[in-house]
Each structure stands twice: as C-alpha cells, then as structure tokens.
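>>> Sharing a sequence plus its predicted fold:
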Amino acid sequence: MKKVIGRILIVIGILLMIGALSLYLYNRYDAERAATASIEAEEKLTDAMTSAVGSEYSLSVETDEDGNAYSVVSLDVDGDSYIGVLSIPSFGLELPVLSEWSYAGLKNSPARYTGSASAGNLVICAHNYERHFGNIKDLDIGAEITFTDVTGTVYEYEVIEVETLQPTAISEMITGDWDLTLFTCTRSGQARVTVRCQLIK
C-alpha cells in the first residue's frame, strides 16, 4: 500500500512539474508574441503618422472626474485606433499606444486608460510583459519618457515618483497633479506598479 501511495505521489509531482514548465513556456511565448506585435504596430503607426492627412484623424471629446472636457485625437491603422508612440529610452522601448484599453488590446500594445497628453492627464496601462511595462518599477527618478501623439506633437516627461497601488485604488490612479501616469500589474498580480511623470517640455 505504501508503495502504491508513493508511486501516486511521484506521478502527481511529475504532473505538477510538467504543468509549471508548460505555464512558464506559455508565458515566455506570449511575451515574445506581444513584443513582436508591438514592434510591427509601432512601425506601421509611425509610417501612418508621417503620411496622414487631417481627414484621417478621429477626434473624440471626454470629461475628467471634475467635469472638465478634453479632446483625444487618434489614427486608425489596420483596424486598431492609436493615440501615439510612447518612448522609454532607459529600456530602449518604442511602444504604440491604443486609444482605448481592453483586455484583448493589451495582449498586443499598451493603451490609454484615461486622459490625454494635451490635457496633461494621460494615463497609460500595459501588461507586465518584459517588452511592455514589465520593468517600469526599475525606472529611476528623473528618467526621461517621451510621448509623440499621432499629429506629431512631442511631449517630454521626467519620472517623479514610482509607487505601488492596490487594484481597487482606481480614483487614486487617475487623479492627482500628474501629467503622465504609467501602470501595470505586479508579477503576483496583487497590486499595480505606478509611475508618475511631470511634463518638462
């Protein structure tokens, strides 16, 4: 009987190891797929931004928590709508930013969560893939971040604060005197790494 139980435990252990390895390999594959998707989308978006004419832009008007109206300009590329390109030189990243966030969209690119660069209240979210926002917790205070909107206007920021917020702290995430906020889930998924930035140019 002890031998049977021992063999069952060994089989269970092997199955658990196979499951863990499979999950690890899938996560690596998914991260690489996301990196490739972002690179391809950024190249297409940059080309579209260079050749776009006024009639190709879309404009929407939204309101913030205080009822103030602001505009969001976007450009469609291959059926997806983007607001611009986010550059994080510290990590060598050039990332296209979708105009609206969704779980499906975040599998490929960071996305606007709320706000706009022109209104000085832009909030961008992304998965914690290594080539998306997986390393933003390591950004130094004073690090430069650039956002170029689809019309070609360039906004230069510097990192002021890196903090961790609880998943339920939605209001705290989108309010405050920050020109740009970037956030992603921690590795455990139990909290959000949040980077606060100030416009410098």
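Perfect, I can see it now.
>>> ok, which stretches of the protein are helices?
Secondary structure of the chain (DSSP state H): helices at 2-51, 103-106, 170-174.
>>> Any buried residues in the shortest one, and which?
Same thing as helix 103-106. Using 16 or more other CB atoms under 10 Å as the test for burial, helix 103-106 gives Leu106. Where C-beta positions appear, they are placed from N, C-alpha and C, glycine not excepted.
>>> for it, what is the average pLDDT?
Mean per-residue pLDDT for helix 103-106: 90.
>>> Show residues contacting it.
Asp80, Leu98, Ala111, Cys125, Ala126, His127 (CB atoms under 8 Å, 6 or more residues apart in numbering).
>>> Using CSV, write out the CA atom coordinates for that helix.
Provided in CSV are the C-alpha atoms of helix 103-106 (Å, rounded to 0.1, in the frame of the first residue of the first chain):
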residue,chain,number,x,y,z
TYR,A,103,-8.0,43.1,-22.3
ALA,A,104,-7.7,41.9,-25.9
GLY,A,105,-5.9,45.0,-27.0
LEU,A,106,-3.4,44.9,-24.1
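>>> Distance from the chain centre to that helix, please.
10 Å (CA atoms, centre = their mean, to the nearest Å).
>>> The first one now?
Shown here is helix 2-51, whose average C-alpha point lies 19 Å from the average C-alpha point of the whole chain (CA atoms, centre = their mean).
>>> for it, packing partners?
With contacts taken as 3 or more CB pairs under 8 Å, 6 or more residues apart in numbering; DSSP states H and E, helix 2-51 sits against strand 69-77, strand 80-88, strand 93-98.
>>> Where among those strands is average confidence lowest?
Among these, strand 69-77 scores lowest, at a mean of 91.
>>> what about Asp149, how many neighbours?
Using other CB atoms under 10 Å, Asp149 has 23 neighbouring residues.
>>> what are the bridge partners for it, then?
Gly84 (DSSP bridges).
>>> pLDDT wise, what is the residue nearest to Pro110 when sequence neighbours are not counted at?
Closest residue to Pro110 apart from its sequence neighbours, by CB to CB, 6 or more residues apart in numbering: Ala126 at 3.6 Å. As predicted, Ala126 sits at a pLDDT of 95.
>>> Identify the residues contacting Ala126.
Leu95, Leu106, Ser109, Pro110, Ala111, His132, Phe133, Leu182, Thr184 are the contacts of Ala126 under CB under 8 Å, 6+ apart.
>>> Looking at those, which are in strands?
Leu95, Ala111, Leu182, Thr184 (DSSP state E).
>>> tell me the contacts of the last one?
Read that as Thr184. Cys125, Ala126, His127, Asn128, His132, Phe133, Gly134, Ile136, Arg192, Val193.
>>> go with 6 Å
Ala126, Asn128, Phe133, Val193 (CB atoms under 6 Å, 6 or more residues apart in numbering).
>>> ok, what's across the strand from the closest residue to Tyr157 other than its chain neighbours?
The shortest distance from Tyr157 to any non-neighbouring residue, by CB to CB, 6+ apart, is to Cys197 (3.9 Å). Residues in a beta bridge with Cys197, per DSSP bridges, are Val159, Leu180.
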